[in-house]
Structure formats: structure tokens, C-alpha cells
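# A predicted structure for the sequence below; I have some questions about it.
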Amino acid sequence: MLRQQDVGHRIVVRRIVGIREGRPLFSDALGELVELSETHLTIATAQGRVRVPVTEVHRAKRVPPTRRPTATAVVELELAADEAWPAPVRGRLGDWLLRSADGWTGRANSALPVGDPDRPLPAAVDAIERWYTERGQPAIVNTPLPLAVPVGVELDARGWTARPLTLVQTVPLTTLRPPEPAPADGPPVTLADAPSEEWLAVAAGRKGGLPAAARHVLTAVDRVRFAQVYADGTLVAMARGTVTGQGRWLGLSLIEVAPQVRRQGLATRVVRELAGWGVVEGATHAFLQVEQRNTEAVSLYRRLGFTTHHTYLTRVAPSG
């Protein structure tokens, strides 16, 4: 049977789905194990998350992974993503990062356990809990998988919960940016080096407010652009792009299209406009982060050529 050490790894599960003529009927599920409890297991498959009660499991085992990035590549991308979404308050535990931004977004208010915390793992988690308690915030840890599986095991033992799985997806800019794009119909995509008030208002609506720390997160990057599309004086599409990671990575975030103009290619246009800027800046690859359950966005990014580089779980300490 599976163990907590298998979380974050590729597994295959044969489950009993029924009985016919006195014989069990089986169905197989293949994917990444993202949760394992006494009552059920959850697998991230190509078709979405599958939750399987333990009572239905006939057989389950770890299988060889598909081609995975190296631990070094995961750390490199996670640090580029941190640079692209910079929390104003920061601390360190050895190599681990501690981040706080007035509670604005999980990424800017979580610890990132990559590298060596310079102390035993239980002591490192204790220190994380103290650091966030001192700031009046819940302790949150983003655990890249499978790199941070040992951290996840420690958090499981302490009763930490998990938010939905996040996919970290990448694409070469040569794929994302057509060499000779066709002229775009409709209103143009413009890039600005600072967000407009309308842009910030949409970001506030999506992220639940806009404290002072949020403006730091959005703008405190050396190379950043804010894509925007206006129609009849109204902002109808937007996105944010950054170049970080020693100039290699174009980070894409806050890709948003107004409901009344969706399915008209605006998201693709703003992404490609930022990709063109990234190429000029010397970037070679783009990345973004998207919850796996956001199937509409995942489908769009798949059409643009994005594939999953790795995943992470956001873990939250129990309250009280």
C-alpha cells in the first residue's frame, strides 16, 4: 500500500467500481498522488483530480515518473517566481524563504522550503509557525512537489490542511510567440510600465482588496509590464509580465478578461504581446501558476503550448 512518502509521486491505482455476475469490476487511475489519508486518496490525473475511498482500492503502487525536471530546475524556477511576486516583508531560515504581504495572496504570505533550512525539519517548521504568529498571520507553506515531500510529511503529522493543487506551467517563448503574428482585429493591446487605476481595480476585485503591500508585490520588480486592452474606454483584458531568474523567465500573472468579451481571443493576445516583450528583454521561457481545478484556464494554456513543469500544494497550519 501507499505511504505518506509517496505523496507528490506518480502512482497507479486499481479501484473496485462495481460487481457483475459476482465478480468485481475494476478501473485504473494514473497520476500524481496529492493527498493520502486514512479514509481516501486523491490523484491528480490528466483528466482532473480523482478522489478514491480507501475501501475501493484493490491495488496501488508508485510507478516511474514521466520526464521530470531536476531538483535544481525546480528550485531555479521557484526562486524566479518568488522574484516575480516579491513580498515586502521577508525572512530566512537558511535557504528557506519567509514572506509576508499583509495577507495579500498566498504566494506572498507563505514560506518557500527549498534548499537547506540550516536546522532539523521539525525545528524549521516550529520557526515558521513562530514567524507568522509574531505577525498575526496564519502560517502557510508552499510545498513544491515532489521536492518538498518530506516537508509535507511533517506538516501532515501536525494537522496542516492543503489548498487545491497548483500547476507550475512553462513554455518556450519560441512556441508562445509566433515569428510573424497576424494583424490583430479589434482594440490594440498596450503595455505600460505601471498599472493604471482601472488595472489595479480589476486586480483588487480578483484578489480581494489591494493593501499597500499589494502595490509592492505588483510593481517592485526591475522588469515588469502591465498589458491592457480598452474597448470604448473600458478595460476589458489585462495581464502582468515580469522578467526574472537572471533574465531567463517571463512570468505571467493576473490574466483577466471581462465576462462580456470572453472567448474572443483577448487572453491569447495579451499573453502573446507580453511574450514579444519578454523576447526583446532576452527571456527564453515563460511560466505561470494556475490551480488545477481551473479547467477553463488550464485548457487555454494548453492550447498556447504550456505544459506542467512541477506542482505545489499550499499548506495551512491549523488555527488555535
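Structure's in. What do you need? Numbering: from 1, shown residues only.
# in stretch 19-39, what counts as buried?
Across stretch 19-39, burial judged by 16 or more other Cβ atoms under 10 Å covers 29, 31-36. Quick note: C-beta positions are derived from backbone N, CA and C, even for glycine.
# got a list of contacts for that stretch?
Contact with stretch 19-39 is made by 2-4, 6-18, 41-46, 49-50, 52-54, 58, 63, 145, 162, 165, 311, 313, as judged by Cβ atoms under 8 Å, 6 or more residues apart in numbering.
# any idea where the helices of this structure begin and end?
According to DSSP state H, the chain carries its helices in the segments 71-84, 121-134, 149-157, 173-176, 197-207, 212-219, 266-280, 295-303.
# ok, the nearest residue to residue 198 once chain neighbours are set aside - how many residues close by?
Computed as Cβ to Cβ, 6 or more residues apart in numbering, the closest residue to residue 198 that is not its neighbour in sequence is residue 235, at 4.3 Å. By the criterion of other Cβ atoms under 10 Å, residue 235 has 17 neighbours.
# OK, contacts around residue 235?
Residues near residue 235 by Cβ under 8 Å, 6+ apart: 196, 198-199, 202, 228-229, 258.
# Could you give me the ChimeraX syntax to select whichever of those residues are buried?
In ChimeraX, this line selects whichever of these come out buried by 16+ other Cβ under 10 Å:
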select :199,202,228,229
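# quick one: which two of the contacts of residue 235 are the most distant?
Farthest apart among the contacts of residue 235 by Cβ to Cβ are 196 and 258. That separation is 14.7 Å.
# pLDDT added to the buried residues of stretch 19-39, as TSV?
Below are the buried residues of stretch 19-39 laid out as TSV (pLDDT from 0 to 100):
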residue	pLDDT
29	91
31	83
32	79
33	83
34	77
35	81
36	86
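# Please narrow those residues to those residing in strands.
Those of these mapping onto strands are 29, 31-36, per DSSP state E.
# Go through those and name the one nearest residue 218.
For those, the nearest to residue 218 is residue 34 (29.5 Å; Cβ to Cβ).
# ok, now how distant is that closest one from residue 289?
16 Å (Cβ to Cβ, to the nearest Å).
# Then residue 254?
Per Cβ to Cβ, residue 254 is found 11 Å from residue 289.
# Repeat that for residue 222.
20 Å.
# Which one of the two is surrounded by more residues?
residue 289 (18 against 8).
# For that one, which residues are in contact?
Counted by Cβ under 8 Å, 6+ apart, residue 289 has contacts 81, 107, 166-169, 253.
# Give me the below-cutoff pLDDT ranges for this protein.
In the predicted model of the chain, residues 8, 48, 65-66, 177-185, 320 satisfy pLDDT under 70.
# Spatially central residue in it, please.
residue 289 (3.3 Å; Cα atoms, centre = their mean).
# Bridged to that residue, which residues?
Beta-bridge partners for residue 289, by DSSP bridges, are residue 168.
# I'd like to know how far it sits from residue 81.
Applying Cβ to Cβ to residue 289 and residue 81 gives a distance of 7 Å.
# ok, now residue 258?
Distance, residue 258 to residue 81, using Cβ to Cβ: 27 Å.
# what's the answer for residue 314, then?
Distance from residue 314 to residue 81, by Cβ to Cβ: 13 Å.
# When these two are compared, which one has more neighbours?
Counting neighbours by other Cβ under 10 Å for residue 314 and for residue 81 shows that residue 81 has the greater number, 24 against 20.
# how about that one, what does it touch?
By Cβ under 8 Å, 6+ apart, residue 81 lies in contact with 107, 168, 244, 249, 251, 287, 289.
# Ok, residue 220 next?
So residue 220 contacts 86, 88 (Cβ under 8 Å, 6+ apart).
# ok so, going back, can you say which of the helices of the chain is packed in most?
helix 266-280 (a mean of 21; mean count of other Cβ atoms under 10 Å).
# next one: that helix to chain centre, how far?
20 Å (Cα atoms, centre = their mean, to the nearest Å).
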